[in-house]
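Enquirer: fold the following for me, if possible:
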Amino acid sequence: MKLYKGGIAMEKKTAVKIKEYIVLGVSAIGVYIGFKFLSPLAAPFIFAFGFVALFHPLLERVQEKYHIKKGILAASILLLFCITAGIGIWCLVIFAIQKLGNLFGQIDLFEEKFCIFVGSCCDGIERKFGMDGDGIESFIMERVNIFIENFQVQVVPKIMNESVSYVKNIAGVISFLVIMIIAAVLLAKDYNEIMEKLREREEFKCVAGIIKRVLGHIGTFIRAQLVILLMISILCAVTLFLGGFESGIAVGLFAGFMDMLPFVGTGIILMPLAFWQILNGYYTKAVICVILYVVCALTREFLEPKLIGEKMGIFPVAILFSVYAGVKLFGVFGIVKGPLALIIIDEIYLFLKDRKGVCGNEGRTE
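Expert: Now for the predicted structure:
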């Protein structure tokens, strides 16, 4: 009899586990569909609603004191933010173009130094191992010339042909900002009425609880990334400046900024810089670049678990997987969408698993 009851209990536990896995799978599929197909359509309205919800108390105080409509205030703040961000991005692009222009202006010098570097390496191989240095040099230079020709014939025309798509992307960003500002103006005007109607619905309390927790996780993630970005930027700027690099502070800050790119990070700046130092015979500076890249990578690996994983209650390896999967599934924006999807799936799963715990504030605590 006991064995029979134990078997029934085991079957019930198995059924519960299967249901939990099904809930988790459905949550993941729903979030994927939302991020892949619905988020591009709803993004400007989501950002507008988030902006209005965040700044609504301030908008109300300013309206009461200066009698300026909340819609006008919201539009003014967003325009100011967009203009400031646009100026910052423009300055960054100009800086990158100037550096690339200087690089292309020294292409002949780069080719000459590269040939000398390859020749000296091949001579050393011939003296050390008795191999045909001239033959190795000819083979390497032939491969390099083929690469340059393929780059000129295939890559450059392709970049120029895609200039139309670049213009479309810029137009898309502008239209996104315009729609977001208009939506923010309309939402700021009717925000109180909208929230009153939503609060009357019981399910809104449950959804609001999930959103609040998700926003808390997002805030933690953003703050952590900004801290990591700032520390790595300062580390790169100080190291390159003390190492005697030309424009060391500016290059270091730019390298730190590029650390936001997953799996590449500061290496996209520091590794070419190290190679350039080798070609110029500055081997100590090249070693500094390589060591700095390793230190930056270790710094991120040390700080992320402390600032993100422990505070969010999510294992750091899960965050890393979410970033990698996000980039594979959603492209460049997967850097943000991946971790965000992981957080939302986790919260939706807990909500569907135990509605009473979430709605009644009896679920997990921060």
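Enquirer: which parts of stretch 215-222 are buried?
Expert: Under the neighbour-count criterion of 16 or more other C-beta atoms under 10 Å, stretch 215-222 has 217-218, 220-221 buried. The way it works is simple: take the backbone N, C-alpha and C, and place the C-beta from them, glycine included.
Enquirer: taking these together, which two end up most distant?
Expert: Spatial extent of the buried residues of stretch 215-222 (C-beta to C-beta) is set by the pair 218 and 220 at 7.3 Å.
Enquirer: hang on, the earlier thing: of the buried residues of stretch 215-222, closest to residue 108?
Expert: residue 221 (46.2 Å).
Enquirer: can you give the distance of stretch 224-234 from its chain's centre?
Expert: Centroid separation for stretch 224-234 versus its chain: 13 Å, with C-alpha atoms, centre = their mean, to the nearest Å.
Enquirer: quick check: mean pLDDT of that stretch?
Expert: Computed over stretch 224-234, the mean pLDDT rounds to 89.
Enquirer: return the set of buried residues in that stretch.
Expert: 224-225, 228-229, 231-233.
Enquirer: which ones among those map onto helices?
Expert: Within these, residues falling in helices by DSSP state H are 224-225, 228-229, 231-233.
Enquirer: just give me the closest of those residues to residue 32.
Expert: For those, the nearest to residue 32 is residue 225 (23.1 Å; C-beta to C-beta).
Enquirer: ok, that closest one to residue 308 distance?
Expert: Distance, residue 225 to residue 308, using C-beta to C-beta, to the nearest Å: 8 Å.
Enquirer: just the helices in the stretch 151-300 of the chain please.
Expert: 156-161, 163-199, 202-242, 248-257, 267-279, 283-304 (DSSP state H, counting those that start in this stretch).
Enquirer: redo the ones in helices among the buried residues of stretch 224-234 as JSON lines? Include distance to residue 63.
Expert: Shown next, in JSON lines, are those (distance: C-beta to C-beta, whole Å):
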{"residue": "224", "distance to residue 63": "35"}
{"residue": "225", "distance to residue 63": "34"}
{"residue": "228", "distance to residue 63": "38"}
{"residue": "229", "distance to residue 63": "36"}
{"residue": "231", "distance to residue 63": "40"}
{"residue": "232", "distance to residue 63": "41"}
{"residue": "233", "distance to residue 63": "39"}
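Enquirer: show me where the chain dips below the pLDDT cut-off.
Expert: 1-9, 100-101, 103-107, 151-167, 261-264, 305, 309-313, 316, 354-366 (pLDDT under 70).
Enquirer: how's it carved up into domains?
Expert: Under the assignment automatic domain parsing, the domains of the chain span 43-193, 201-366.
Enquirer: what about the first one, how long is it end to end?
Expert: End-to-end distance of domain 43-193: 22 Å, with C-alpha to C-alpha, to the nearest Å as the criterion.
Enquirer: chain center to that domain, what's the gap?
Expert: 13 Å.
Enquirer: again, but for the last one
Expert: In terms of C-alpha atoms, centre = their mean, the gap separating the centre of domain 201-366 from the centre of its chain is 7 Å.
Enquirer: who are the packing partners of the helix or strand residue 346 falls within?
Expert: Using DSSP states H and E, residue 346 sits within helix 334-353. Under the contact criterion of 3 or more C-beta pairs under 8 Å, 6 or more residues apart in numbering; DSSP states H and E, helix 334-353 touches helix 2-33, helix 202-242, helix 316-330, helix 355-359.
Enquirer: tell me which residues in stretch 337-357 are buried?
Expert: For stretch 337-357, by 16+ other C-beta under 10 Å, it's 337-353.
Enquirer: let's have the helices of the stretch 151-300 of the chain in CSV, adding distance to residue 111.
Expert: As requested, these are exported to CSV (distance: least, C-beta to C-beta, whole Å):
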stretch, distance to residue 111
helix 156-161, 17
helix 163-199, 27
helix 202-242, 25
helix 248-257, 22
helix 267-279, 10
helix 283-304, 19
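Enquirer: nearest to residue 84, out of these?
Expert: Nearest of the helices of the stretch 151-300 of the chain to residue 84, taken as C-beta to C-beta: helix 163-199 at 12.9 Å.
Enquirer: helices or strands next to that closest one in the packing?
Expert: Against helix 163-199 (3+ C-beta pairs under 8 Å, 6+ apart) you get helix 39-66, helix 70-105.
Enquirer: my read: residue 63 touches residue 70, true?
Expert: Yes: counting by C-beta atoms under 8 Å, residue 63 does reach residue 70; the two are 5.3 Å apart.
Enquirer: tabulate the buried residues of stretch 215-222 (CSV), appending distance to residue 208.
Expert: Listed next are the buried residues of stretch 215-222 as CSV, based on distance: C-beta to C-beta, whole Å:
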residue, distance to residue 208
217, 15
218, 15
220, 19
221, 20
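Enquirer: so who does residue 290 touch?
Expert: 270-271, 274 (C-beta atoms under 8 Å, 6 or more residues apart in numbering).
Enquirer: closest one to residue 114 out of those residues, please.
Expert: Nearest to residue 114 among these: residue 274, at 14.4 Å, using C-beta to C-beta.
Enquirer: center of the chain, which residue is that?
Expert: residue 335 (3.9 Å; C-alpha atoms, centre = their mean).
Enquirer: picking that back up, reformat the helices and strands packed on helix 334-353 as CSV; add distance to residue 185.
Expert: Converted to CSV, the helices and strands packed on helix 334-353 look like this (distance: least, C-beta to C-beta, whole Å):
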stretch, distance to residue 185
helix 2-33, 30
helix 202-242, 22
helix 316-330, 29
helix 355-359, 33
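Enquirer: rewinding a little: most surrounded residue in the contacts of residue 290?
Expert: Compared across the contacts of residue 290, residue 270 has the highest neighbour count, 26 neighbours, by other C-beta atoms under 10 Å.
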